[in-house]
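Asker: this one's sequence-less:
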């Protein structure tokens, strides 16, 4: 849905239209995938007898994952989505509270309730090395979000609060392979997530370097994932 005003100003779209555009956009995508011809008359979009080809192989259509981090958007994810994609930077207490709310809303709308957990994550041979490689990169990204009024960090009062120790306590999965396995098992038990997506590269800082990312991916594949299957 977005949250930064410049992203909307670039297209001449008012920020207060973001929720309705998202909702109608999902309805249109789903309708075009599942009808030979589709018409739509909404507040933001109008279509007449649109035909989209080729149709998806997945039936009735590929699952639409809806990301949400606020109370109102959790309800939206349950109503319009086939799964809820958790906020990458949300602390654990918010994730747990929203997991309960999401499942309740999905039951209310008689919709599927699938949780897809997204986390910043890093694995290295030792915890110390993981912090040295990933800490500066992920903290730079978090400070960017904080400065741009991201919902995840509104309770933070200064940059001094952005430390690896504080952020790994309830947001980031990081450490040696053994430590990461323990952390992932804890997250899976808490959320009953069906899938976990890791973000290793931080676009706001440009790193970590590609070679380090590839080494972390190999460690995930060789020493973490086999312990969780």
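Answerer: Received it, and whenever you're ready, just let me know what you need. Just so it is clear, the structure is predicted and the values come from calculations on it, not from any experiment.

Asker: so residue 93 belongs to a helix, correct?
Answerer: Yes. Counting by DSSP: H, G, I helix; E, B strand; the rest coil, residue 93 is part of a helix.

Asker: looks like it contacts residue 170 (just checking).
Answerer: Yes. Judged on CB atoms under 8 Å, residue 93 makes contact with residue 170 at a distance of 7.0 Å. The way it works is simple: take the backbone N, C-alpha and C, and place the C-beta from them, glycine included.

Asker: who has more neighbours, those two?
Answerer: residue 170 (12 against 9; other CB atoms under 10 Å).

Asker: helix, strand or coil for residue 174?
Answerer: strand.

Asker: got the buried residues for the longest helix seen in the chain?
Answerer: As assigned by DSSP state H, the longest helix anywhere in the chain is helix 127-147. Using 16 or more other CB atoms under 10 Å as the test for burial, helix 127-147 gives 127, 130-131, 133-135, 137-139, 141-143, 145-146.

Asker: that one - what's its average pLDDT?
Answerer: The pLDDT scores in helix 127-147 average 94.

Asker: which outside residues touch it?
Answerer: For helix 127-147, the surrounding residues in contact (CB atoms under 8 Å, 6 or more residues apart in numbering) are 89, 120, 122-124, 152-153, 156, 159, 162-164, 167, 172, 174-176, 179, 200, 202-205, 207-208, 212, 216.

Asker: and if we set it to 7 Å?
Answerer: Contacting residues not belonging to helix 127-147 are listed as 89, 120, 122-124, 152-153, 156, 159, 162, 164, 167, 172, 174-176, 179, 202, 204-205, 207-208, 212 [CB atoms under 7 Å, 6 or more residues apart in numbering].

Asker: report the buried members of those residues.
Answerer: The neighbour-count criterion (16+ other CB under 10 Å) marks 89, 120, 122-124, 152-153, 156, 162, 164, 167, 172, 174-176, 179, 202, 207-208, 212 among the contacts of helix 127-147 as buried.

Asker: now intersect these with the helices, please.
Answerer: 164, 167, 179, 212.

Asker: would you point out the most distant pair within those residues?
Answerer: The largest separation in these, counting by CB to CB, is between 167 and 212 at 18.7 Å.

Asker: quick one, what contacts residue 205?
Answerer: With CB under 7 Å, 6+ apart, residue 205 has these contacts: 137, 140-141.

Asker: ok, now residue 16?
Answerer: Residue 16 neighbours (CB under 7 Å, 6+ apart): none.

Asker: understood, closing this out.
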